[in-house]
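> any chance you could fold what I've pasted below:
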Amino acid sequence: MKLFKNPILAVLPFIIALSLVSSLPVRAAASMQWSSAQQAAVDRATAADSALRSKLGSLYSSFTALQNQLQQTDQSINTLHYQNEELKSALTKQVKTIDADKISKLEQALKQAKDKYKPLMSAYTALNQQIKSAGKLKNKQLSSMLKAQADTVKIAV
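Numbering: from 1, shown residues only. The predicted structure follows:
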């Protein structure tokens, strides 16, 4: 079964598609249009076969309709993207204000607790440093006495 009488007509749609793709820069790939020279070539190639001409015309119009639909979809996606980014930014600001006064009170209480126990923590740190020094001196009696003091202070810490 032969689809086309002329084998050139069988590959004509592929040649046209290739010429469309290769004649446009990459950034314009989303909106392909036939140039007047390409349209003239199609008209010459399909002059003898009106069924092929109408089929090719309907395929081309379907293609351009799909292109327009794709461009509209891309536009709506970009619009939604920017709206979502703005909404995300607004929500992030709102989240930061949730319980901000409670958080600041808790941070203040933490700071006060650190200030209150700072002398005790520094004494415990100093005792541990003295224990290390006593261990280097190999003085067991001093080391055990300092460990006992550190254990007593550790309970309070």
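> helices of this structure, start to end?
Taking DSSP state H as the criterion, the chain carries its helices at 7-23, 36-45, 50-97, 100-137, 140-156.
> would you mind measuring from the most far-flung residue of the chain relative to its centre to Ala134?
Largest separation from the mean C-alpha position in the chain: Gln141, at 62.8 Å (CA atoms, centre = their mean). With distances taken as CB to CB, to the nearest Å, Gln141 is found 9 Å from Ala134. Yep, even glycine has a C-beta here, placed from its N, CA and C like the rest.
> kindly report the same for Lys116.
Taken as CB to CB, the span from Lys116 to Ala134 is 29 Å.
> out of those two, which sits in the busier spot?
Taking Lys116 and Ala134 together and counting by other CB atoms under 10 Å, Ala134 has the greater number of neighbours (18 against 9).
> residue contacts, that one?
The contact partners of Ala134, by CB atoms under 8 Å, 6 or more residues apart in numbering, come to Leu142, Ser143, Leu146.
> same thing but at 10 Å, please
When contacts are counted by CB atoms under 10 Å, 6 or more residues apart in numbering, Ala134 touches Lys140, Gln141, Leu142, Ser143, Ser144, Met145, Leu146, Lys147.
> narrow those to just the buried residues.
Among the contacts of Ala134, those classed as buried by neighbour count (16 or more other CB atoms under 10 Å) are Ser143, Leu146, Lys147.
> so for the first one, what's the nearest residue that isn't a sequence neighbour?
In other words, Ser143. Ala134 (4.0 Å; CB to CB, 6 or more residues apart in numbering).
> flag the shaky bits of this structure, pLDDT-wise.
Scanning the chain for pLDDT under 70 picks out 1-31, 156-157.
> now do the residue nearest to Ala47 when sequence neighbours are not counted against Ser36, distance only.
Leaving out its chain neighbours, the residue that sits closest to Ala47 by CB to CB, 6+ apart is Arg53, at 7.7 Å. Between Arg53 and Ser36 the computed distance is 17 Å (CB to CB).
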